[in-house]
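>>> here is my input; please provide its structure:
(chains A and B)
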Amino acid sequence: MTAALSVHNRFFNSNTPENLSRKQLRISEKNHNPGFEINARSSKSTHLRKKQARGSKVAVETKAQNFNHTRALQELVGSGSMDRALYLFEKMNCVDTFLWNVMIRGFVDNGLLREAINFYHRMVCEGFRADYFTYPFVIKACTGLLSLVDGEKVHAKLVKCGLDLDVYVCNSVIVMYMKLECVECAERVFDEMLVRDLVSWNSMIGGYCRVGDGLSSLIFFKEMQKYGMKHDRFSLISGLGASSTVGCLKCGKEIHCQVIRSGLEMDFMVQTSLLDMYGKCGKVDYAERVFNRIFPRSIIAWNAMIGGYVLNARFLESFSCLKKMKEVDKLNPDHITMINLLPSCTQLGALLGGKSIHGYAIRKGFLPHLVLETALIDMYGVCGELKKAEQIFEIITGKNLVSWNAMIAAYVQNGQNKDAMKLFLDLWSKPLIPDAITFATLLPAYAEIATLSEGMQIHALITKLGLVSNTFISNSVVYMYTKCGDLQTARIIFGGILCKDVVSWNVIIMAHAIHGLGKFSIQLFSEMRNKGIKPNGSTFLSLLSSCSISGLVDEGWNYFNSMRKEYGIDPGIEHYGCMIDLLGRTRNLDLAKRFIEEMPLVPTARIWGSLLTASRKNNDIVSAEFAARHVLSLTHDNTGSYVLLSNMYAEAGRWEDVERIKGIMVKEGLEKTTSYSSFEKNGKTHWFINQDRTHSENYMIYNVLDILLRKIGEDIYIHNVSKFNPSSLLKKMAKSPEHHSVRLAISFGLISTTIGNPVLVRNNTRICEDCHNAVKKISKITKRELIVRDPKVFHHFRNGCCSCGDYW
DNA sequence: CAGGAATGTG
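Numbering: from 1, shown residues only, chains lettered A, B, ... in the order given. Now for the predicted structure:
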C-alpha cells in the first residue's frame, strides 16, 4: 500500500520518508494505512479504492497479480521495452522502492540516462526512500551524462542519508568522479571509506588510467596487494593500460607474469590488453605472439593488432593485417579499424587509400563519428587536401578540442599560417579551452607570420593557462620570439626552462644561427655537452647552419666530420645542404659540385638550390643553369629559381634569355612573387611593395630615403651621370632598386623609432644585392642597427657590415 | 546493486 502512503505523506506529513530509516518507513506504512481511503486524492488511489471495495478476496488476487506484474515489469525492462514497462509501472497499484529501482535501472541500462535521473527525482518526490540499490544506478546515469552538477547533488543527498557508508554506493561515486576527471574528489571518497573492496581499488586504478595518470594507476596497483587484495582480471587490465600509457615495458611484463600466475592467460579481454600494451611499448613481435594465441579473435583484437602495427610505423603490415582479418576471420572492418588505418595512409602519403577509407565509412554509415572525422581531417591535412579537411571540419557537430587542434594543424602543415591563427581566434570565442597541443600546433604559425606584439599576446595567454612549465611549449615560444626578432626574450625564456631537453638546446642554437651569431651557437653547443645532453641530428643541423650562416668554415667542417666519428650520427641530406652552403661561401664551386656528386644521398631540390645560390654569388651562369635545371626537374613550380636565373641573365645583359625565362614562366602559369616588406609600429603592421606610394606618410618616407641615398652615393641618376656607365645604369634601370620595398620600410622605420634603437623590417623574399649594399651603408651613416628578416635568416646591419657576411 | 579491452590533435 505504498502508493497510498506516498499520497498521504505528500499532503499530511511534513516528515518526509527519506528522512526516516527503512524500519521506520515500514512502521509508518502500517500506521497510515487505515486512513488511506479518507486521504486519497489521486485518481490512482480512487482506482485502488474501487478495487478494494470489492472485498478481501480481491485483495489476495491483487497481491498475486502484483507479483506477476513485478515479474512482467522486470522482463520488459530486461528486454529494453521501457515504454511498455513505464505503462505497466503506472498501472500498478502497489509500488515500492524495489520497483522504482527496477525502473531506474531499466532506464540506465537502455541509455535513457536523463529519464533515469528524472525518475529518481519523481521517486523522492512521491515519498519513496532511495536506498543503496538506487544510488549506484542514479550515479551511473549522472556519469553517463557527464553531469557533474547532477552527480554532486546526488552525492550530497546520499551522504545526508548516511548511504556513503555503503561500499557499492561509494564505488559508483568514485567511478563517477574519475570519469568526470575530478580525481581529487574520487581520492577523497576513496580515502574516507571505512571498508574498501576489490572494486574500490579497481575503480581507482581504472580511473587513473582513464585520466592518463598511468603512474598513480600503477602505484595503486602495487599498493592494493599490501591491503590483502588480490588482482583480478579488472585490475590486470587496468594495470596493463597504465603500463602502456607510461610506456613501461618492464611493468607490463611483470603484469603479464601475474596474468599467467592467475591463470587468466586465456581471458580474451586480458589478452587484448596484453596485445595492446606490447604494441604501445614498441614490442610488435611480442604483440604478435599474444595475438596468435587468441582464439576466437574478435574485431577488437584485430583492431588492437592493426593499431600496434601503425603505432610502430609498420604501415604496410597494418594493411596486410586488415586483409587477413577479412579473409581468415571473415570480419568486416568497423569504425575503429578505419581510425587505426588512417594514420597509415597519412604516413604513407596514400591519399587514395585514405579516400577509399572515407568512402567505405560513408557507405557503412560510420559517419558522423567524431573521432573518425578527426582522423580524416588529419589525413586530408597531411596529404595536402586542405579543402577536404575544411569540409569535414565544417560539418562536424559537437566539435571537441581535438577536432579544433587537428584543423589548426592541417592549416599549419599546409603553410596556411594566417588561417591557423584565424581558426585559433575562432576557438578562443568558444567555451573550449585550448591546451598544450593547441599551442604546440599553433606556435610555429606564429613564428612564421606573427608580429612581435601578437607573439607576446599568445605568450601571455600560454602563461595565463599555466602551460609555461611545459618544455615542448616553451621550446616553441623560444623559437617564436627568435623569429619575431626578439632574441633577447628568447634567451631569457630559454634560461627559465626548468627541464631543458635536447630540443630546447637545438632551438637556442638555431636561434643564434639565424641571427648570425655563430660563435654563440658554438658556445651553447659546448655548454650543452657539459650539461650531459646528448646531441642529435637536429643539433648538428642547427650547428652546421650556424657555421654556414656565420661563415665559420673550419668549425663547420670539424663538426660535420665529428658527427659520425664522435657521435655516431649519420649526416642526413639537410646536413649535406649546410655543407654546400659552406662551400659556396668559399667560392669554390667545383668543390661544391664534386661534394654533391660524392655524397651518398640523392640530391634534393634544396641541395641544387644551394648550388644555384653559390653560382649566383660567383656570377657563374653555366653552373647556375646546371643547378637550376636540376632544381626545376625536381620541383616544377620553383619560381625563385627562374627569377634568380633571369636576374643573372639581366645583369649579363642577355635580354633574350630574360625573355625566354619569362616565356617559360608564363607557360607554366608561374608568377613572380610580389616582394613586400613590413614594419611594425605600435602593434600595427605597415606594408610596402616596390615603388609603393600608398602609405599615408609617403612624402616623408621618400624624402628621407632620397636624402639617405644621396648621402651613400646611390643616387646614380643625379650624381653619377658624369661617370656614365651604360652597363651599370642598364642593370639598375632593369630593377630600379632605389625604391625597393625594403628601403621604403627602413626609411619609415627610421622616422618611426627613437634614435639609438634598432629598426626591424621583414621581407617575404630574399633581399637583393643592391639593397643589401645600400642598407649596409645606411646603417653606417645613421649609426643605427638595421635588422632585415628574410625567409631564412636575420640580417643584422651594423656600422656598414652585415651579420650574414654578404652571403645569403 | 558497482568496476573492464581496440579510436583522433603537437
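
>>> ok, whatever residue of the stretch 301-450 of chain A ends up closest to DNA strand B - contacts?
Residue of the stretch 301-450 of chain A nearest DNA strand B, by Cβ to the nearest atom of the strand: A:Asn405 (2.9 Å). Heads up, the C-betas are built off the backbone N, CA and C, glycines and all. By Cβ atoms under 8 Å, 6 or more residues apart in numbering, the contact set of A:Asn405 is A:Asp435, A:Ile437, A:Thr438, A:Thr441.

>>> next: A:Cys281.
Per Cβ under 8 Å, 6+ apart, neighbours of A:Cys281: A:Ser243, A:Ser244, A:Gly247, A:Cys248, A:Leu249, A:Gly252.

>>> buried subset of those residues as a PyMOL selection?
To isolate the buried members of the contacts of A:Cys281 in PyMOL, using 16 or more other Cβ atoms under 10 Å:
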select buried, chain A and resi 243+244+248+249+252
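
>>> out of the contacts of A:Cys281, which is nearest to A:Leu113?
Nearest to A:Leu113 among the contacts of A:Cys281 is A:Ser244, at 29.9 Å by Cβ to Cβ.

>>> quick check: closest non-adjacent residue to that closest one.
Counting by Cβ to Cβ, 6 or more residues apart in numbering, A:Ser244 lies nearest to A:Lys280, which is 3.7 Å off, once chain neighbours are set aside.

>>> with A:Glu187 instead?
That would be A:Met204: by Cβ to Cβ, 6+ apart, it lies 7.8 Å from A:Glu187.

>>> who's in contact with the helix or strand hosting the one you found?
Element membership for A:Met204, per DSSP states H and E: helix A:198-210. With contact meaning Cβ under 8 Å, 6+ apart, helix A:198-210 is reached by A:167-168, A:170-171, A:174-175, A:177-179, A:183, A:186-187, A:190, A:193, A:214, A:216-217, A:220-221, A:224, A:227, A:229-230, A:232, A:234-235, A:237-239, A:241-242, A:245.

>>> which residues touch the residue lying closest to A:Lys593 once chain neighbours are set aside?
Nearest residue to A:Lys593, sequence neighbours excluded (Cβ to Cβ, 6+ apart): A:Leu611, at 6.9 Å. For A:Leu611, the contact set (Cβ under 8 Å, 6+ apart) comprises A:Ile580, A:Gly584, A:Leu589, A:Ala592, A:Lys593, A:Ile596, A:Ser623, A:Phe626, A:Ala627, A:His630.

>>> quick check: which ranges of the stretch 701-808 of chain A have low pLDDT?
Counting by pLDDT under 70, the stretch 701-808 of chain A shows low-confidence ranges at A:714-735.

>>> burial measure for the residue in it that DNA strand B sits nearest to, as a count.
Residue of the stretch 701-808 of chain A nearest DNA strand B, by Cβ to the nearest atom of the strand: A:Pro791 (20.5 Å). By other Cβ atoms under 10 Å, the residues close to A:Pro791 number 11.

>>> so A:Ala375 touches A:Ser344, yeah?
No - using Cβ atoms under 8 Å, A:Ala375 makes no contact with A:Ser344, being 10.7 Å away.

>>> out of everything not next to it in sequence, what's closest to the one residue in the stretch 501-650 of chain A that gets nearest to DNA strand B?
Here the residue of the stretch 501-650 of chain A nearest DNA strand B is A:Val503; by Cβ to the nearest atom of the strand that distance is 11.1 Å. Leaving out its chain neighbours, the residue that sits closest to A:Val503 by Cβ to Cβ, 6+ apart is A:Asn475, at 4.9 Å.

>>> for the residue nearest to A:Lys593, what is the enclosing helix or strand?
Per DSSP H and E: A:Leu611 is located in helix A:605-617.

>>> next, the buried residues of that helix.
A:Ala605, A:Ile607, A:Trp608, A:Gly609, A:Ser610, A:Leu611, A:Leu612, A:Thr613, A:Ala614, A:Ser615, A:Arg616, A:Lys617.

>>> what about DNA strand B: which of those residues touch it?
Contacts with DNA strand B within those, counted by Cβ under 7 Å from any atom of the strand: none were found.

>>> up against DNA strand B, what does the stretch 151-300 of chain A have?
A:167-168, A:171-172, A:175, A:197-200, A:202-203, A:206, A:209-210, A:232-235, A:237-238, A:241, A:244, A:267-269, A:272-273, A:276, A:298-300.

>>> of these, buried ones?
The buried subset of those - by 16+ other Cβ under 10 Å - is A:171-172, A:175, A:199-200, A:202-203, A:206, A:209-210, A:234-235, A:237-238, A:241, A:244, A:267, A:272-273, A:276, A:300.

>>> residues contacting A:Ile569?
Taking Cβ under 8 Å, 6+ apart as the contact definition, A:Ile569 lies against A:Pro535, A:Asn536, A:Gly537, A:Phe540, A:Met563.

>>> out of these, who's the most crowded?
Most surrounded of the contacts of A:Ile569: other Cβ under 10 Å gives A:Phe540, at 24 neighbours.

>>> which residue comes closest to it once chain neighbours are left out?
A:Phe540's closest residue in space is A:Met563 (Cβ to Cβ, 6+ apart), at 5.4 Å.

>>> ditto for A:Ile607
Distances taken as Cβ to Cβ, 6+ apart place A:Gly577 nearest to A:Ile607, at 5.6 Å, with adjacent residues excluded.

>>> isn't the one you found up against A:Ala605?
No - using Cβ under 8 Å, A:Gly577 is not in contact with A:Ala605; the gap is 10.2 Å.

>>> so where is chain A shaky, pLDDT-wise?
For chain A, residues meeting the criterion pLDDT under 70 lie at A:1-66, A:714-735.

>>> what are the ranges of the strands in it?
Secondary structure of chain A (DSSP state E): strands at A:676-681, A:684-689, A:759-763, A:786-789, A:794-798, A:801-802.

>>> now render those strands as JSON lines, adding distance to DNA strand B.
Formatted as JSON lines, those follow (distance: least, Cβ to the nearest atom of the strand, whole Å):
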{"stretch": "strand A:676-681", "distance to DNA strand B": "26"}
{"stretch": "strand A:684-689", "distance to DNA strand B": "26"}
{"stretch": "strand A:759-763", "distance to DNA strand B": "24"}
{"stretch": "strand A:786-789", "distance to DNA strand B": "23"}
{"stretch": "strand A:794-798", "distance to DNA strand B": "24"}
{"stretch": "strand A:801-802", "distance to DNA strand B": "33"}
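
>>> and the helices in the stretch 501-650 of chain A, which stretches?
A:502-514, A:518-530, A:537-550, A:553-567, A:573-585, A:589-598, A:605-617, A:621-634, A:639-651 (DSSP state H, counting those that start in this stretch).

>>> for A:Val742, find the nearest of those.
Here helix A:639-651 is closest among the helices of the stretch 501-650 of chain A (Cβ to Cβ), at 15.8 Å.

>>> count of residues packed around A:Ile755?
Residues near A:Ile755, counting by other Cβ under 10 Å, number 8.

>>> which phi and psi does it have?
Backbone torsions of A:Ile755, given as degrees, to the nearest 10, read phi -60, psi 140.

>>> the one 3 residues further on now?
According to degrees, to the nearest 10, the main-chain angles of A:Pro758 amount to phi -70, psi 160.

>>> burial count for the closest residue to it other than its chain neighbours?
Of all residues not flanking A:Pro758 in the chain, A:Glu785 sits nearest, at 3.9 Å (Cβ to Cβ, 6+ apart). A:Glu785: 15 surrounding residues under other Cβ under 10 Å.

>>> residues contacting A:Glu785?
Contacts of A:Glu785 by Cβ under 8 Å, 6+ apart are A:Pro758, A:Val759, A:Ser779, A:His796, A:Phe797, A:Arg798.
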